[in-house]
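Undergrad: next one to model:
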Amino acid sequence: GHFHKQKIAKLQRIVNQAARSTMRRRLRQWTVSALTLRDIENASDVLLKRMDRRKLRNNFEKFKSQVKKLKKALVIQKRSKQIFGKTTKDLASWAFNAWALFRENRREFKKMLIRCSLRKERSSLDNSFYQWKALVNTMKNQEIMEEGHNIQAANQELKVQLTDLGQQIADKAQSQGNLVNKL
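TA: Below you'll find the predicted structure:
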């Protein structure tokens, strides 16, 4: 009777509890897999956007280079019209002016080049002098340090000699005191 009903109720509670824990575990597993799938989708979206941007950037660079070539061709065409549309007197004047400008630019360039080379020589000479000066100072410092060590050694020797002399004086004074006492 009653005891049997309690056992059945207890078993029923245990079964319900196990079912609830299993459902919770499965819900967690489903949540994790759903989040993973969402992350993969987001990553693929980001990758596709990146690839689209790169494609657009590359196409834009190609477009810019084509535009640059066209502009250059138009400038050349315009200049050739300017040159060949003039009289021979104008062409001679234009050629002479271009040659004079070239000569002036060349002269200025030579001056600048000479100035730069002189600056470079002066700079390397200054650097060499500073290195030599640093080396001389280092050698002087070493000599001073050696001299200081020599002075310390000589001072130590003099201290030893002074203590020896003091000992000798004390010994002589004692021997004279002994002589006086014997007399």
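Undergrad: name the element residue 3 belongs to?
TA: Here residue 3 sits within helix 2-84, counting by DSSP states H and E.
Undergrad: what average pLDDT does that helix get?
TA: For helix 2-84, mean pLDDT is 87.
Undergrad: could you tell me the angle between the helix or strand following that helix and helix 2-84?
TA: Counting by DSSP H and E, the next helix or strand C-terminal to helix 2-84 is helix 88-182. Relative orientation of helix 88-182 and helix 2-84, computed by axes from the mean of the first three to the mean of the last three C-alpha atoms, to 10 degrees: 120 degrees.
Undergrad: count the residues that sit near residue 172.
TA: For residue 172, the number of neighbouring residues by other C-beta atoms under 10 Å comes to 10. C-beta: built from backbone N, CA, C; applies to glycine.
Undergrad: what of residue 106?
TA: Residue 106: 10 neighbours (other C-beta under 10 Å).
Undergrad: which residues does the residue nearest to the spatial centre of the chain contact?
TA: Taking C-alpha atoms, centre = their mean, the centroid of the chain lies closest to residue 127, which sits 25.2 Å from it. The contact partners of residue 127, taken as C-beta atoms under 8 Å, 6 or more residues apart in numbering, number zero.
Undergrad: now do the helix holding residue 3: distance to the chain's middle.
TA: Put simply, helix 2-84 sits 36 Å off its chain's centre (C-alpha atoms, centre = their mean, to the nearest Å).
Undergrad: state the distance from the residue nearest to the centre of the chain to residue 141.
TA: From residue 127 across to residue 141, the span is 21 Å (C-beta to C-beta, to the nearest Å).
Undergrad: what of residue 59?
TA: 68 Å.
Undergrad: residue 55 too?
TA: The gap separating residue 55 from residue 141 is 67 Å, by C-beta to C-beta.
Undergrad: again, but for residue 101
TA: Taking C-beta to C-beta as the measure, residue 101 falls 59 Å from residue 141.
Undergrad: before we move on, what about residue 89?
TA: Distance from residue 89 to residue 141, by C-beta to C-beta: 78 Å.
Undergrad: what about residue 36, neighbour count?
TA: Counted with other C-beta under 10 Å, the neighbours of residue 36 add up to 10.
Undergrad: tell me the contacts of it?
TA: By C-beta under 8 Å, 6+ apart, residue 36 has no neighbours at all.
Undergrad: same deal with residue 148?
TA: Neighbours of residue 148 in contact, by C-beta under 8 Å, 6+ apart: none.
Undergrad: how close does it get to residue 156?
TA: From residue 148 to residue 156 the distance is 13 Å (C-beta to C-beta).
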